[in-house]
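Chemist: I'll drop the sequence and a predicted model, then ask my questions.
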Amino acid sequence: MALKSTLPAMHDVELAALAAGGRRDAFGELVRRHGSAVRGLLRRMGAEAATADDIAQDAFLAAFEQITDFRGDGTFQAWVKRIAARLYVRHWRKAAHTDLLAETPEPDDAPRHDGEEGAAHRAALRIDLDEALRALAEPERLCVSLCYGGGLSHAEAAEALNTPLGTVKSHVKRGLDKLRRRLAQPEGDGGAERRVHG
Amino acid sequence: MAELFEARLDKMFAEPPAFEDAGVFAGDVQSKLNRNWATRRLVIGALGGIGGLIGVGQIVSSGVVGHMKSLAQGAPSLASFDLSHWHGRLGAGLSPATSGAMWLGLAAIGIALALALSRLIEDL
């Protein structure tokens, strides 16, 4: 049996295996490692802070219940993020926001900051992304976050949102175009063709 | 170009925000896990207890203990000697079927305690 003191040194897959055997302290170590990533994703998807934390907790509890499904093919963080993203979409749909997906609101595209992108240090990356995401329309923000932060393919996002695939693709395309401008990335092509996994 | 930007976006999304209350959040999840676990054990224990009582009730009502005793009378053994010895001391005033059920119940409690003890040692 692994001692508690050795848990921080263990790999995620080992911790997940221990958690599958009923070791809640091992799962607690996974929560400590990845809690912020999951909470951050939910906020980036548009959830209020309290809602994001509630859903993140539910996601981890759900992950513990189905921990035997985690085979270590991908990372634990990606796996639990997908669970959290789907939970948030369910919450979002219950809040009757689905009709928003069909609309194409055009938010103010004026850049808020310039000249900071060159620094590219970690904190700046976070701030840039969070600010840029806030400027997107809600459906664009949700679709981009689902596909890039939550790791869902376009098809999976469309299924989760109960929306046509083409609608998701166009929201992602518009969202990416706006993010590219806001993050002052050199202009490329449309670039909305997200990798399709699964 | 598009791939470069997507790679940059992936990197940005992979960078989790810093939360000052990260420890509190982890503690909350751990507490919920423990609470759920305790509730589950309580429910399982209660269901097991109810099932055990129903089982003992069925055994008593079927009269199987009396039947077994009558079978054992033709072949005296140490166990039957001990049973009758202790039955005389502990089961005085009880019907044979009831005292048999009592012994079964005691055995079930013993097994449950052993399981609980082993689980406790494992948790520690």
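Modeler: Yep, it's here.

Chemist: Would you check that residue A:86 makes contact with residue A:159?
Modeler: No. Residue A:86 is beyond contact range of residue A:159, at 9.7 Å (criterion: C-beta atoms under 8 Å). Placement of C-beta: from N, CA and C, glycine included.

Chemist: who has more neighbours, these two?
Modeler: residue A:86 (19 against 15; other C-beta atoms under 10 Å in any protein chain shown).

Chemist: so what pLDDT did the more buried one get?
Modeler: For residue A:86, the model assigns a pLDDT of 94.

Chemist: got it, and the one 5 residues further on?
Modeler: Turning to residue A:91, the model gives it a pLDDT of 92.

Chemist: what distance separates stretch A:16-36 from the middle of the whole chain?
Modeler: Centroid separation between stretch A:16-36 and its chain, computed with C-alpha atoms, centre = their mean, to the nearest Å, is 20 Å.

Chemist: tell me which residues in it are buried?
Modeler: A:16-20, A:23-36 (16 or more other C-beta atoms under 10 Å in any protein chain shown).

Chemist: what does chain B put close to chain A?
Modeler: Contact residues, chain B versus chain A (C-beta under 8 Å from any C-beta of the partner chain): B:1-6, B:8-19, B:22-23, B:25-26, B:28-30, B:32-34, B:36-37, B:122.

Chemist: Where helices are concerned, which of the residues you listed count?
Modeler: Here DSSP state H is the test, and those give B:2-6, B:8-14, B:22-23, B:25-26, B:28-30, B:32-34, B:36-37, B:122 as lying in helices.

Chemist: List buried residues within those residues.
Modeler: The buried subset of these (16+ other C-beta under 10 Å) comprises B:2, B:5-6, B:8-9, B:12-14, B:22, B:25-26, B:28-30, B:33.

Chemist: Out of the residues you listed, which is nearest to chain A?
Modeler: residue B:2 (2.9 Å; C-beta to the nearest C-beta).

Chemist: Could you report the distance from that closest one to residue A:58?
Modeler: Residue B:2 is 35 Å from residue A:58, where distance means C-beta to C-beta, to the nearest Å.

Chemist: Check residue A:151 too.
Modeler: Per C-beta to C-beta, residue A:151 is found 18 Å from residue A:58.

Chemist: quick one, which of the two is more surrounded?
Modeler: Between residue A:151 and residue A:58, residue A:151 has the larger neighbour count (other C-beta under 10 Å), namely 21 against 17.

Chemist: how close does residue A:167 sit to residue A:10?
Modeler: Residue A:167 is 43 Å from residue A:10, where distance means C-beta to C-beta.

Chemist: again with residue A:19
Modeler: From residue A:19 to residue A:10 the distance is 11 Å (C-beta to C-beta).

Chemist: just residue A:157 next, same as before
Modeler: In terms of C-beta to C-beta, residue A:157 sits 33 Å off from residue A:10.

Chemist: do residue A:145 as well
Modeler: In terms of C-beta to C-beta, residue A:145 sits 30 Å off from residue A:10.

Chemist: Next, count neighbours for residue A:10.
Modeler: By the measure other C-beta under 10 Å, the count of residues near residue A:10 is 16.

Chemist: give me phi/psi at it?
Modeler: Phi and psi for residue A:10, reported as degrees, to the nearest 10, are phi -90, psi 150.

Chemist: Surely it touches residue A:29?
Modeler: Yes. Counting by C-beta under 8 Å, residue A:29 is a contact partner of residue A:10 at 7.4 Å.

Chemist: mind checking how far residue A:86 is from residue A:67?
Modeler: Per C-beta to C-beta, residue A:86 is found 16 Å from residue A:67.

Chemist: ugh, typo on my part, it should be residue B:103
Modeler: When distance is defined by C-beta to C-beta, residue B:103 is 41 Å away from residue A:67.

Chemist: Any stretches of chain A with poor pLDDT?
Modeler: Within chain A, the segments meeting pLDDT under 70 span A:1-5, A:96-127, A:184-198.

Chemist: Just the angle for the lengthiest helix in it relative to helix B:2-14, thanks.
Modeler: Ranked by residue count under DSSP H, the longest helix found in chain A is helix A:24-45. Between helix A:24-45 and helix B:2-14, the angle comes out at 130 degrees (axes from the mean of the first three to the mean of the last three C-alpha atoms, to 10 degrees).
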